[in-house]
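**Q** give me coordinates for this.
(one chain, ligands or ions: 2)
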Amino acid sequence: MTDAHTTGTSSHGHGPFIAAIDQGTTSSRCIVFDKDGRIVSVDQKEHEQIFPKPGWVEHDAAEIWNNVQEVVAGALDKAGITAADVKAIGITNQRETTLLWDKNTGEPVHNALVWQDTRTDALCRELGRNVGQDRFRRETGLPLASYFSGPKVRWLLDNVEGLRERAERGDILFGTMDSWVIWNLTGGVDGGRHVTDVTNASRTMLMNLHTMEWDEKILSSMEVPASVLPEIRSSAEVYGTVKGGVLDGVPVASALGDQQAALFGQTCFAEGEAKSTYGTGTFMLMNTGDKIINSYSGLLTTVGYQIGEQKPVYALEGSIAVTGSLVQWMRDQMGLINSAAEIETLASSVEDNGGAYFVPAFSGLFAPYWRSDARGVIAGLTRYVTKAHIARAVLEATAWQTREITDAMTKDSGVELTALKVDGGMTSNNLLMQTLSDFLDAPVVRPMVAETTCLGAAYAAGLAVGFWPDTDALRANWRRAAEWTPRMDADKRDSEYKSWLKAVERTMGWIEDEE
Ligand SMILES: Nc1ncnc2c1ncn2[C@@H]1O[C@H](COP(=O)(O)OP(=O)(O)O)[C@@H](O)[C@H]1O
Ligand SMILES: O=P(O)(O)OC[C@H](O)CO
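**A** Ligands and ions are numbered 1, 2, ... in the order given. Below you'll find the model as predicted:
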């Protein structure tokens, strides 16, 4: 595991500054940025991953809120600044992770149900039978899957004793992590603002993508009372000011789901521009402008961002549940490597995958399949295969899954991929980046600031308070740090892609309905 606190301080002249909080799946971090979008300081803290049963994943929201306060204080301390130097704070967060809390006490009523949690599989199948898949997809842009918040809210209301009555009395608030952090920052029980932004709301499966409002019919099919829901706001506007703590008085001026924040931080402001973020999972988003593109290839239709009163910008998304977490699994559960970075050394010790293909369908398969009955396989094993070949197959799994997503994007949007902007923890792996370029047959480009998630939240907050004048000023900050170009023979690529797709088929139908 990485250290609880990570440092990273460099000095970039005088303020004012913008700070951003990234409340992620494995950690919370705070980064202070200067006017050129350069990092001034970083503080980060991991939180516990709670696995009560196979397929269940929870977080302790009180621990997360404590960590957020610590990293904010840590980042300001390392930058040597106070609230007076911070023009605004922006929030970005792991999406879909669902929390219900008591508005009178501020106490969570249960651990948060994390986006990877599959306990609502059966409920989703039931909703599919009773209400129909198409209804949900048409109104919300999402397929019925345990990934999204709506079914998680329903599960909590049905399974925590007395909760539905408390919710109907108006005592309970629902939020994704943006809402939880903003409510606490702006005063909590003492007048905290209960808001979310359009990007986070678009992942709940409760918001109508066409009206950007909670959809009454969907709420009623999902049996979620409207009284628990936050107000939906744009991604870049002042929601309130911080009450207490080291940021007292600072405007809270943006909220974006982390993948949408990365799209913003990568300055993908034009229709057709796309980015892919390689962290715990991998998420590719393409800006589709003011068009709601219905996907016929297994992608999600979602909100990219909305700046204040401007029209919302939509996006197509390919979500992959397991990428960096497969590397963590190789390290923590298999003990085949000691650190995430070591996978590159191990995989580079062999020429190829030795015939092995690893499909990490640990939470079923997300895009483009949306199959909750799939489970992981390693296919093509012979006595020849070593742990180094498996390490290579692990990295190739991320690259092949991206290839499937880019194929789907091209089909749905008609836009051919000319280059892919990447970011996230896994992009420090050169072998992976080269493999990605080879499998996509397109250049892969990484920007100077790889912390694009926080940067996107900072940019949105900065726009909201006039720290930056417009998106053109942000584009000027984007600088290329590294680029990989394809080197693979086309026939080899095609034949290996076929083998990958064959391995994917082997994962399907593993879980029977009654399980
Ligand atoms: N050199 C590397 N090679 C492959 N994977 C890596 C490497 N360094 C980090 N990772 C993976 O990247 C993930 C961390 O990236 P990060 O962007 O911080 O993720 P998140 O925001 O989802 O927590 C971890 O899952 C880790 O296993
Ligand atoms: O926190 P991350 O970076 O793993 O991102 C998680 C995604 O938002 C899930 O949809």
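**Q** what does the stretch 251-400 of the chain put close to ligand 2?
**A** Counting by Cβ under 6 Å from any ligand atom, the residues of the stretch 251-400 of the chain close to ligand 2 are 257-259, 279-281. C-betas here are computed from N, CA, C, even on glycine.
**Q** dump those residues to TSV, plus pLDDT.
**A** Shown next, in TSV, are these (pLDDT from 0 to 100):
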residue	pLDDT
257	98
258	96
259	96
279	91
280	89
281	93
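**Q** please list which of the residues you listed also come close to ligand 1.
**A** The subset of those within reach of ligand 1, by Cβ under 6 Å from any ligand atom, is 279-280.
**Q** of all the residues of the stretch 251-400 of the chain next to ligand 2, which two lie farthest apart?
**A** 257 and 280 (14.0 Å; Cβ to Cβ).
**Q** so between those two, which is more surrounded?
**A** residue 257 (35 against 24; other Cβ atoms under 10 Å).
**Q** partner residues bridging that one?
**A** On the basis of DSSP bridges, residue 257 is bridged to residue 93.
**Q** surely it is in contact with residue 91?
**A** No: look at residue 257 against residue 91 with Cβ atoms under 8 Å: they stay out of range, at 10.1 Å.
**Q** give me the common contacts of the two.
**A** By Cβ atoms under 8 Å, 6 or more residues apart in numbering, residue 257 and residue 91 have these common neighbours: residue 178.
**Q** skipping adjacent residues, who's closest to residue 72 in space?
**A** residue 30 (4.7 Å; Cβ to Cβ, 6 or more residues apart in numbering).
**Q** which element is the one you found on?
**A** In the assignment (DSSP states H and E), residue 30 maps to strand 27-33.
**Q** that older thread, next, count neighbours for the residue nearest to residue 72.
**A** When neighbours are counted by other Cβ under 10 Å, residue 30 registers 29.
**Q** how near is it to ligand 1?
**A** Remark: distance between residue 30 and ligand 1 (Cβ to the nearest ligand atom, to the nearest Å) = 14 Å.
**Q** and ligand 1, is stretch 354-364 touching that?
**A** No: using Cβ under 6 Å from any ligand atom, stretch 354-364 stays clear of ligand 1, coming no nearer than 11.7 Å.
**Q** end to end, how far does that stretch reach?
**A** Start-to-end span of stretch 354-364 (Cα to Cα, to the nearest Å) is 25 Å.
**Q** so which bits of it are buried?
**A** Neighbour-count burial for stretch 354-364, with 16 or more other Cβ atoms under 10 Å as criterion, is recorded at 354, 356-364.
**Q** distance between stretch 342-359 and the chain's centre?
**A** How far stretch 342-359 lies from its chain's middle: 27 Å, per Cα atoms, centre = their mean, to the nearest Å.
**Q** could you list the low-confidence segments of the chain?
**A** Applying pLDDT under 70 to the chain picks out residues 1-13, 513-515.
**Q** and the residue of the chain most remote from its centre, helix, strand or coil?
**A** Of all residues in the chain, residue 383 has its C-alpha farthest from the mean position, at 38.1 Å, by Cα atoms, centre = their mean. Using DSSP: H, G, I helix; E, B strand; the rest coil, the structure places residue 383 in coil.
**Q** ligand 2 versus that one, what's the distance?
**A** Residue 383 is 37 Å from ligand 2, by Cβ to the nearest ligand atom.
**Q** tell me the contacts of that residue?
**A** Residue 383 neighbours (Cβ under 8 Å, 6+ apart): none.
**Q** look up how far residue 389 lies from it.
**A** The gap separating residue 383 from residue 389 is 11 Å, by Cβ to Cβ, to the nearest Å.
**Q** swap in residue 231?
**A** 52 Å.
**Q** who's more crowded, the two?
**A** residue 389 (25 against 12).
**Q** can you list contacts of stretch 65-83?
**A** Stretch 65-83 has contacts (Cβ under 8 Å, 6+ apart) with 5, 7-9, 15, 17, 19, 21, 23, 27-32, 40-45, 47, 85-86, 89, 180-181, 184, 242, 245-250.
**Q** in helices only, show me those.
**A** 180-181, 184 (DSSP state H).
**Q** so which of the residues you listed is the closest to ligand 1?
**A** residue 181 (15.6 Å; Cβ to the nearest ligand atom).
**Q** that closest one contacts residue 22, correct?
**A** No: in terms of Cβ under 8 Å, residue 181 does not count as a neighbour of residue 22; the distance is 10.2 Å.
**Q** quick one, what contacts the nearest residue to residue 455 once chain neighbours are set aside?
**A** The shortest distance from residue 455 to any non-neighbouring residue, by Cβ to Cβ, 6+ apart, is to residue 265 (3.7 Å). By Cβ under 8 Å, 6+ apart, the contact set of residue 265 is 423, 449, 451-459.
**Q** of these, closest to ligand 1?
**A** residue 453 (6.9 Å).
**Q** tell me the residues on this structure that lie near ligand 1, please.
**A** So the chain meets ligand 1 at 24-27, 279-280, 324-325, 327-328, 340-341, 343-344, 424-426, 428-429 (Cβ under 6 Å from any ligand atom).
**Q** filter these down to the buried ones.
**A** Using 16+ other Cβ under 10 Å, the buried ones in the residues of the chain next to ligand 1 are 24-27, 279-280, 324-325, 327-328, 340, 343-344, 424-426, 429.
**Q** burial check on the residue nearest to residue 150 when sequence neighbours are not counted, number of neighbours?
**A** Setting aside the residues directly before and after it, residue 150 is nearest to residue 205 in space (Cβ to Cβ, 6+ apart), at 3.7 Å. Neighbour count for residue 205, taken as other Cβ under 10 Å: 29.
**Q** no further questions, thank you.
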